[in-house]
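J.: here's my sequence, what's the structure:
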Amino acid sequence: METSFNCSVLSNETLKSLNEFSVNIFKKDNEIFTDLGNNRYDIEKFKVDHLKDYICKVTNSDKHATRLWKVNVVDEVGIKEKLKDENEMKPRLLFSDYFQDELSGEAEFTVTNIHIISTTSTAGPFQQGVPQGPVVGSLEEALSVILQNIPVKIETSSEGIEILEEMPLKERDTKEALTVFENNVTKSFNRFASKSSFNFLVCGGAAGIGKTRWGREFFNSVERQHWNLPLSWSKPKYLYLLLDFVNGVRLGSLDKDLEASTILGLRVAFDYFVRRKREMSFEAFKILAKPLINFFGIELVFSHIHQGIEPNQKFIIVLHIDEFQEIFAFEDHWEGGLASKGLFKEMLCALGPLMIDCGTRYYVQTFLSGTASQYVTNNFKATEYSFEFVKCPLLSNKSIIEIFNYYAEKRGGKEKLWMYNTKFIQLLYDTGGLPRALETVLDECFKRDRFVPKLNDKNFTLFDDIFHAVINVLTNKYKLDKFIRNHRKASCQLLHHCIGAIPVQLNTKLGSEQTVTVEDLERDGFLILKSIGPNNYLIEMPFYFIYIYNMWLNMASATIHKMFQPESKMAWDTWEKFVANYEIFRNNLLFELEQHKEGIVSLKEFYRGAIGKASVLNIRVRLEKLELCEAKNQFPKTGFPRNCDNNKVMDLDGLVIINDRSAPFGDVVLLRKKIPEDRNLLIAHQQKWYTTSRTLTIDDAVEECKKNQNAYKDVLEKPYLRPYMRIDHIKVLLVIEKNSTYRSYLENAKTQLENCSYAPHSFLDNEHDSMILDEYDSYSGDNDIEMGDLQD
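T.: Next up is the predicted model:
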């Protein structure tokens, strides 16, 4: 034996000795360990909590009333004054953390002294100083004491209040989950089956995607027996229990020292015996249950629930743990049980045996849902329980239409005339298939009297009202305004990755201080992730979210805001304005992000998905903040662009210019500073607006390129330019003086043609944002051109 520590166990109430024993430390074959009862602990893993468990066992005392202190005293005389908070031993810490010097022989050590004092109670008070509750002998008696003065809940009538019934279930197939459940049941008859062959069901995803609903529908499928029931389980009883760790049974300070089994048992007992039956909150229930906490282990609670079932009847329970990310968030505060494993794992270790043993009177399948599914498997080894992740995708457009039609038919829309209303369809599609967003749109629609019949009226003009009402509701529900104000840089990066379809990883850091990760934002409900490979995701957002982000970031002008709204009317000229605004939006977003070194970006990086020659795609330009301006003339056919507001010739620097209608060269024009800065890059955007289902072809693109090529070639032939031409050695120069130091350059050999084929509600998707870059040949005699402002 290496050494020995003496422990004295005292009564909380009297401080009289209840027990004395020694913690003997042994060394054998380079292993240092201690034996407590029938358990052997390696000294490197021996925790204070293990010692606490042993004390409670040998004294038959309440663990939650048991505390330990490190001391070094001859006896217990005057011990109360020596039990100071700084000497209290925390259950989650290692025993060696407190006796490191004694174990290494570096501290004075008297083997006959008392080294550990423990105070406890065999009467069962929750903690020292709390009055002892009534003496009870079962959970039934404990519940009777807790609820004796609590009034029965009176059901209130909802008559006169129209409550939107639950949306029809779409794209939530429970067949695979039922197969997993059936396999769990089948394997539970084999006592040699390994833990890893049993699966907990997990539904992860963004806030509002329908995870909670998924759990209920899974239970409904189990109850309807859409699976093969064991012959010995004839006519079982079914029970669905929902533990919502956000809105129902939150974790708090009273849970800090509880074991995982008790934390679960308290919540199951409240959900089954109290929530719908008594006028009592969960917090009040926990406080009254404190003195009786030993009766609320999860198996004791399930056994008591089973007492209402026929003796030979199998009891199948689906336990749905919702918002499990809150359990992970609480783990740093938890000190009960084996804290090193973590509360989440300890909970599943308490529930696992109820899934693998068919011999019990009840069978429990646990269903987990939350926004941090990547955390679920972190602490589990290959030999431990497994997890099956169910699919919970965004709704397709087809499902969105079918869901609205379900409600419309009940409200006078059996003719389906509403399907011809493109403005209303846009309201639905802008949800991006996020069920909570769709539910919000439906709520706002059906708040309005006789909405469906009025929708068929050509004079119906409430679309913008509904749009903005939905924006307000979603902003408040997801707290987007607060997030954007506090994390402007991260918000810009989110938009950039979302619009550009740029892959991210869970550990991708965002924000100016790089403190926010994609993983954090998914957990908190600010984005939706679509897996495209191992640890590679695309950020998805409903259009309503994109509108909210842009509204608070103010990246685009009011013009583009209005074009986003359902009442806006899109024609060829407004389409040109939209593309110009969209160019500014993307440019200013990248400019604010400051993620490109020295603000330099290639055309390939700026126009993601562009098609063209490598020499053009690799052109590097400097990012500058851009503004919008409209020209009253056709540039360059009728001269340099003049501002339609004041008729002044415009300096091209820093502007995106909407050319006058029917201009042969570019619907939208802008000048970018090329790197190296010997020349500039003149970029022309050419848009095509089709009112039919016609698509843009390669021949169309070639034709537009030729038009721009010819229009640019004609620049030098215009009479109005000749007075400004002079020969200067090799170069042909156009000189317009602004002052003696001002000069800017137009590059004559390279232009860019961009086509953005407009697809309602999805124009921001990469697949609808196709750009073609074409490099023109150099023309003989076309040399550098200098340009400045023409004077009126």
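J.: show the backbone phi and psi for Cys203.
T.: phi -120, psi 110 (degrees, to the nearest 10).
J.: so it makes contact with Arg216?
T.: No: applying Cβ atoms under 8 Å as the test, Cys203 and Arg216 come out as separate, 11.0 Å apart. The C-beta positions use only the backbone N, C-alpha and C, and glycine is treated the same way.
J.: compare those two (neighbour count), which wins?
T.: Between Cys203 and Arg216, counted using other Cβ atoms under 10 Å, Cys203 has the larger neighbour count: 27 against 16.
J.: just want the most central residue of the chain.
T.: Glu522 (1.9 Å; Cα atoms, centre = their mean).
J.: what sits against it?
T.: 206, 371-372, 506, 528-529 (Cβ atoms under 8 Å, 6 or more residues apart in numbering).
J.: kindly report the same for Trp334.
T.: 255-256, 342-343.
J.: now do the phi/psi pair for it.
T.: According to degrees, to the nearest 10, Trp334 has phi -90, psi 130.
J.: just the pLDDT for it.
T.: Confidence at Trp334, expressed as pLDDT, is 92.
J.: same thing with Glu754?
T.: Confidence score, pLDDT, at Glu754: 27.
J.: same check, this time on the one 3 residues further on
T.: Per-residue pLDDT puts Ser757 at 26.
J.: show the end-to-end separation of stretch 347-355, please.
T.: 13 Å (Cα to Cα, to the nearest Å).
J.: make JSON lines out of the contacts of Trp334 and add pLDDT, distance to Gln634 and neighbour count.
T.: Formatted as JSON lines, the contacts of Trp334 follow (pLDDT from 0 to 100; distance: Cβ to Cβ, whole Å; neighbours: other Cβ atoms under 10 Å):
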{"residue": "Asp255", "pLDDT": "94", "distance to Gln634": "73", "neighbour count": "21"}
{"residue": "Lys256", "pLDDT": "91", "distance to Gln634": "74", "neighbour count": "13"}
{"residue": "Gly342", "pLDDT": "89", "distance to Gln634": "69", "neighbour count": "21"}
{"residue": "Leu343", "pLDDT": "93", "distance to Gln634": "70", "neighbour count": "25"}
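J.: ok, Val74 to Ile25 distance?
T.: Computed with Cβ to Cβ, to the nearest Å, the distance linking Val74 and Ile25 is 21 Å.
J.: kindly report the same for Asn633.
T.: With Cβ to Cβ as the criterion, Asn633 and Ile25 are 94 Å apart.
J.: now Arg450
T.: 81 Å.
J.: low-confidence ranges in the chain?
T.: Applying pLDDT under 70 to the chain flags the ranges 1, 122-136, 155-164, 338-340, 556-573, 678, 689-693, 696, 712-792.
J.: what about Val74 and Ile25, which has more around it?
T.: Ile25 (21 against 9).
J.: next, the buried residues of the helix ranked longest in the chain.
T.: Ranked by residue count and defined by DSSP state H, the top helix of the chain is helix 572-593. Residues of helix 572-593 classed as buried: 575-592 (neighbour count, 16 or more other Cβ atoms under 10 Å).
J.: now stretch 286-297
T.: Buried, per 16+ other Cβ under 10 Å, within stretch 286-297: 286, 288-297.
J.: repeat for stretch 594-607
T.: For stretch 594-607, the neighbour count (16+ other Cβ under 10 Å) marks 596, 601-607 as buried.
J.: make JSON lines from those and add secondary structure and distance to Arg250 to it.
T.: Below are those laid out as JSON lines (DSSP: H, G, I helix; E, B strand; the rest coil; distance: Cβ to Cβ, whole Å):
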{"residue": "His596", "secondary structure": "coil", "distance to Arg250": "44"}
{"residue": "Val601", "secondary structure": "strand", "distance to Arg250": "47"}
{"residue": "Ser602", "secondary structure": "strand", "distance to Arg250": "50"}
{"residue": "Leu603", "secondary structure": "helix", "distance to Arg250": "52"}
{"residue": "Lys604", "secondary structure": "helix", "distance to Arg250": "50"}
{"residue": "Glu605", "secondary structure": "helix", "distance to Arg250": "46"}
{"residue": "Phe606", "secondary structure": "helix", "distance to Arg250": "47"}
{"residue": "Tyr607", "secondary structure": "coil", "distance to Arg250": "48"}
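J.: could you dump those residues into TSV with distance to Lys82 added?
T.: Below are the buried residues of stretch 594-607 laid out as TSV (distance: Cβ to Cβ, whole Å):
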residue	distance to Lys82
His596	65
Val601	69
Ser602	73
Leu603	76
Lys604	74
Glu605	69
Phe606	72
Tyr607	75
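J.: of all those, which comes closest to Arg361?
T.: Arg361 lies nearest to Glu605 out of the buried residues of stretch 594-607, by Cβ to Cβ, at 64.0 Å.
J.: give me the contact list for stretch 461-479.
T.: By Cβ under 8 Å, 6+ apart, the residues outside stretch 461-479 that reach it are 207-208, 423-424, 426-427, 430, 436-437, 440-441, 443-445, 448, 480-481, 525-526, 542, 544-545, 547-548, 551, 565-567.
J.: list the neighbouring strands of the longest strand anywhere in the chain plus their orientation.
T.: Using DSSP state E, we find that the single longest strand of the chain is strand 17-28. Strand pairing for strand 17-28, determined by DSSP bridges: strand 3-11 (antiparallel), strand 31-36 (antiparallel).
J.: on that earlier part again, filter the contacts of Trp334 down to the ones in helices?
T.: Leu343.
J.: and the longest helix of the chain, what does it pack onto?
T.: Packing partners of helix 572-593 (3 or more Cβ pairs under 8 Å, 6 or more residues apart in numbering; DSSP states H and E): helix 488-499, helix 558-564, helix 603-606, strand 627-630, strand 655-658, strand 668-675, strand 680-685.
J.: any chance of JSON lines for these, columns distance to Gly639?
T.: Converted to JSON lines, those look like this (distance: least, Cβ to Cβ, whole Å):
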{"stretch": "helix 488-499", "distance to Gly639": "36"}
{"stretch": "helix 558-564", "distance to Gly639": "26"}
{"stretch": "helix 603-606", "distance to Gly639": "28"}
{"stretch": "strand 627-630", "distance to Gly639": "15"}
{"stretch": "strand 655-658", "distance to Gly639": "13"}
{"stretch": "strand 668-675", "distance to Gly639": "13"}
{"stretch": "strand 680-685", "distance to Gly639": "15"}
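J.: please name whichever of these is nearest to Pro393.
T.: Checking those against Pro393 by Cβ to Cβ gives helix 488-499 as the closest, at 17.1 Å.
J.: buried ones in the closest one?
T.: Buried residues in helix 488-499, counted by 16+ other Cβ under 10 Å: 489-499.
J.: CA atoms only: put stretch 504-515 into CSV for me.
T.: This file holds the C-alpha atoms of stretch 504-515, laid out as CSV (Å, rounded to 0.1, in the frame of the first residue of the first chain):
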residue,chain,number,x,y,z
VAL,A,504,-18.4,26.2,-46.2
GLN,A,505,-17.4,23.9,-43.5
LEU,A,506,-18.8,23.7,-40.0
ASN,A,507,-15.7,25.3,-38.5
THR,A,508,-15.6,28.1,-41.1
LYS,A,509,-15.1,31.3,-39.0
LEU,A,510,-17.0,34.4,-39.8
GLY,A,511,-17.0,38.0,-38.6
SER,A,512,-14.3,40.6,-38.2
GLU,A,513,-12.9,38.9,-35.1
GLN,A,514,-13.4,35.4,-36.5
THR,A,515,-15.3,34.3,-33.4
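J.: would you mark the buried spots in it?
T.: 504, 508-511.
J.: hmm, back to that, and the strands paired with strand 17-28, which is most packed in?
T.: strand 3-11 (a mean of 19; mean count of other Cβ atoms under 10 Å).
J.: which two in the buried residues of stretch 504-515 are spaced the farthest apart?
T.: Val504 and Gly511 (13.4 Å).
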